[in-house]
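Undergrad: got a predicted model here, sequence first, then my questions.
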Amino acid sequence: HGPAHFNSTNIVETMAVDLASQAFAAHESGIAEVLKLIQLPDDLERLPELIQEYEIKVKSNKLSLSNLVQSQIEAARRGLELLDKSHRHVLKLRSCLDTIHQLCEECARLIDHQDHIRMLSLTHGNITKVRAEIKDIIDLPDHAEEALDMLEDPNQLVPAFQVLTVLEGTAENARLAWERNAKAAKHDMSSLMQYLGRVNEAMAEFEEILWNHMQRYDELAQENPTLLVSCVRVIELQEQLDKQQARNKLEALKPKRYKQKLILIMTRCVEAKFRQLVELAPSCGTPNHKVRFNKEGDIVVGETRDYLGNLTSITLVDRASGAEETIADVDLLHRLEIIEEDIFDEDEFLNQIVPDLYA
């Protein structure tokens, strides 16, 4: 548990003692080796050679000793570094253990207050949800205006309806919640209801535009079939919403029955379009034209009279050949017997009803 430098000093002193012992042992070993080499008189003659060998060995030993000392010093340095690093890790580990101990004590306290913590967490979640809902409610009128602005582009009819439908559902949920609170707290919620009413007004404006389009369905089919398809798509989507609300038994949301309204509008449009034809239909076969002809059946197609009204000429069409003949002789005109009869002219009848049919 002492400081790192205290351990380092001890290691260095131990290494110095070891090196001194090794040096003394080498010195004694060298003296013994020299005595062995000069035991005989002839060995003295080899003394220069022995001295040279000795110098060579000394240099080699010095080099080996220097390398050994260097490696020992390097090993000692690495050992000191590892020892210092280990000491730091030990201190860090001890700090971590102290932190774990503190956390364990804190967890023990949290466990003792688990019910309060759960309640606090639930309250926080509810508050966050309420804040998000309040923000959505505050933005309802602005979003409704943006949805109406989308209608400036006829291709945005379906997206605008989808946006307004979501806004309408949000406003309805808020209205129901406020009504419950108003009954419990006896607060006046009329101003808030007016605030939510902007969404209903926007939906009413959208529906007015939708039904105006559908009253011109025959024109749209010729001029803008894409818009007509979008209108029908909106009606289909609302039908699906009505069915879903019926399945979920959502009594607060009344079905809009767009399909029934569409059928009623189209019925009225068809009745108005064919009313003239229906009124004329009973007259089919009723005489609608006067025809004049002579006893032979030749049809009168023209005549002229003078200023007194006297007949001066008459033009007949031969019943068999279809050739025209004009009679201007006064005697023949006096003897000519003309018969007038009311008949039903089919061409004239069709010419009367066809313009109304395609008007």
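TA: Done, it's in. Numbers count the residues shown, from 1 in each chain.
Undergrad: quick one: buried residues of the host helix or strand of Asn200?
TA: Assessed by DSSP states H and E, Asn200 sits inside helix 190-215. For helix 190-215, burial by neighbour count (16 or more other C-beta atoms under 10 Å) applies to 192-193, 195-196, 198-200, 202-203, 206-207, 209-210, 213-214. Every C-beta, even on glycine, is put in place using the N, C-alpha and C of the backbone.
Undergrad: from those, which is closest to Pro141?
TA: Proximity of those to Pro141 (C-beta to C-beta) peaks at Arg198, which lies at 4.3 Å.
Undergrad: that's a strand at Val291, yeah?
TA: Yes - assignment of Val291 by DSSP: H, G, I helix; E, B strand; the rest coil places it within a strand.
Undergrad: list the contacts for it?
TA: Neighbouring residues of Val291 by C-beta atoms under 8 Å, 6 or more residues apart in numbering: Ile299, Glu340, Glu341, Asp342, Ile343.
Undergrad: specify the beta-bridge partners of the first one.
TA: Beta-bridge pairing for Ile299 (DSSP bridges): Phe293, Val317.
Undergrad: that one contacts Phe293, correct?
TA: Yes - counting by C-beta atoms under 8 Å, Phe293 is a contact partner of Ile299 at 4.9 Å.
Undergrad: hey, what's in contact with both of the two?
TA: Arg319.
Undergrad: what secondary structure does His152 sit in?
TA: Check again: residue 152 is Glu, not His. Applying three-state DSSP: Glu152 is coil.
Undergrad: secondary structure element for the nearest residue to Arg198 once chain neighbours are set aside?
TA: Nearest residue to Arg198, sequence neighbours excluded (C-beta to C-beta, 6 or more residues apart in numbering): Pro141, at 4.3 Å. Using DSSP H and E, Pro141 maps to helix 140-150.
Undergrad: same question for Ile137.
TA: Remark: Ile137 resides in helix 114-138, with elements defined by DSSP H and E.
Undergrad: chain center to that helix: distance?
TA: Helix 114-138 sits 26 Å away from the centroid of its parent chain (C-alpha atoms, centre = their mean, to the nearest Å).
Undergrad: same for that helix, what does it pack against?
TA: Judged by 3 or more C-beta pairs under 8 Å, 6 or more residues apart in numbering; DSSP states H and E, helix 114-138 is in contact with helix 157-185.
Undergrad: helices and strands around the helix it packs on, which ones?
TA: Secondary-structure packing of helix 157-185 (3+ C-beta pairs under 8 Å, 6+ apart): helix 114-138, helix 140-150, helix 190-215, helix 225-248.
Undergrad: dump those helices into CSV; add mean pLDDT as well.
TA: Shown next, in CSV, are the helices and strands packed on helix 157-185 (pLDDT from 0 to 100):
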stretch, mean pLDDT
helix 114-138, 72
helix 140-150, 87
helix 190-215, 86
helix 225-248, 91
